[in-house]
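> Need a 3D model of the sequence below.
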Amino acid sequence: MFGIKKRLQRLEKLFTGKAIILMYHSISEPDIDPWELSVSPSNFEQQLQILQNSFKVSSVSDIALSLQKGRLKNKTVALTFDDGYRNNFQIAAPLLEKYNVPATFFITNKLGEEKMYWWDSLANLILRTSVLPADFEITIREKTINYSIGEESVLNEYLEQLHRKWVATDPPPTKRSELFYKLWELMQPLPPDEIEQILQLVKNWTGTTQTVLFPDTSLVKEEELKKMANHRLIDIGIHTVNHIALGYHSAQVQETEIAQNKNLLEQIINKQITTIAYPYGEYNDTTLNIVEKTGLRAGVTVEYNVVNNSANPFKLGRFQVKNWNAMQFEEKLLKWMKHK
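So this is what the prediction gives:
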């Protein structure tokens, strides 16, 4: 199928005793996507067709159980979705059902809130606002940040095109995107209350009085989560209360973020939760100890590693899926199969 099925068959031996866990976030087509978190519905459907035809698709919890027994099934792939974007319920879930493909969704305590995750808000404020002050100045932890965007204070079509094409792994093409990235780096390890304070300062600087909500960044509602959890193909995992970078925080903060997230979601879905995805892929030895003590059986990272029979169930690697068509997706799968 799609031209390289024979190569998939030839590489089957390389995939013996291995599993690949795929990481998705949003099934949507936003105008800007610096972290490449979105896959279009069309490309996602093509990817599901590849998986349905060539692989055994399992859940993270099933892979963890196979690891306990030391018997990973050949050609196993698991799909995971982080953050709980509402399009996971509206678009991803129906397509998973259409192709009979299971998946695990990692959810925070942010359910149906009338606001975006902070990184989406930050991108909206800096990269989309039509007119901004030319000079930026705020203080973060006694460190003053001064930055000038000069003529880019007025957003034009050329700047918009650059922002649409930009991914954060490349150098920022505009002063606006450079400011966005600098602030993201500073904010990511901070506690949630400090992040919100900084976001408010940025909002004050822009002169914006209302929060503009975008369908691509809205979050799943509680009733939608219940419906997802009751579906035979869907598992729910935890993703902390506030989507914090766990490794930057104390044991007490980590334990609270993990336990309260687990407790809330279990109350909502009336099922035991056994898996966690570490936000931003950040964790440390303290995290792993807390996760095991909390009664979870598996944790997934953002490290590009295949899962083999010697893998630590609390440090399972994942591969980020980007907005690829069928052929591009097949090529990536072939490449990932060769990872050790």
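
> Surely residue 321 is in contact with residue 25?
No - look at residue 321 against residue 25 with CB atoms under 8 Å: they stay out of range, at 9.1 Å. Heads up, the C-betas are built off the backbone N, CA and C, glycines and all.

> and the residue nearest to residue 111 when sequence neighbours are not counted, what does it touch?
In space, and not counting its chain neighbours, residue 111 is closest to residue 222: 4.9 Å by CB to CB, 6 or more residues apart in numbering. By CB atoms under 8 Å, 6 or more residues apart in numbering, the contact list for residue 222 reads 111-112, 268.

> Please tell me how far residue 222 sits from residue 80.
Distance, residue 222 to residue 80, using CB to CB, to the nearest Å: 21 Å.

> got it, and residue 97?
17 Å.

> Which one's more surrounded, these two?
residue 80 (23 against 13; other CB atoms under 10 Å).

> Show the model's pLDDT score for the more buried one.
pLDDT for residue 80: 98.

> Secondary structure element holding residue 146?
strand 143-148 (DSSP states H and E).

> Which positions within the helix or strand following that strand qualify as buried?
Using DSSP H and E, the helix or strand that follows strand 143-148 towards the C-terminus is helix 157-165. Applying a neighbour-count criterion of 16 or more other CB atoms under 10 Å, one finds 159, 162-163 buried in helix 157-165.

> neighbouring contacts of helix 157-165?
In contact with helix 157-165 (CB under 8 Å, 6+ apart) are residues 31-32, 127, 152, 173-174, 176-177.

> One more pass at 10 Å, please.
With CB atoms under 10 Å, 6 or more residues apart in numbering as the test, helix 157-165 has contacts from 30-34, 123, 126-128, 151-152, 155, 172-177, 180.

> Tell me where the stretch 201-340 of the chain has helices.
Ranges of helices in the stretch 201-340 of the chain, per DSSP state H, counting those that start in this stretch, are 222-229, 251-269, 285-293, 326-337.

> would you list the ones you listed in TSV and tack on mean pLDDT?
Rendered in TSV, the data for the helices of the stretch 201-340 of the chain read as follows (pLDDT from 0 to 100):
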stretch	mean pLDDT
helix 222-229	96
helix 251-269	98
helix 285-293	97
helix 326-337	92
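
> wait, which of those is closest to residue 314?
Proximity to residue 314 (CB to CB) singles out helix 285-293 among those, at 5.0 Å.

> hmm, back to that, and the contacts of helix 157-165, which are buried?
Buried among those by 16+ other CB under 10 Å: 30, 32-34, 123, 126-128, 152, 155, 172, 174-177, 180.
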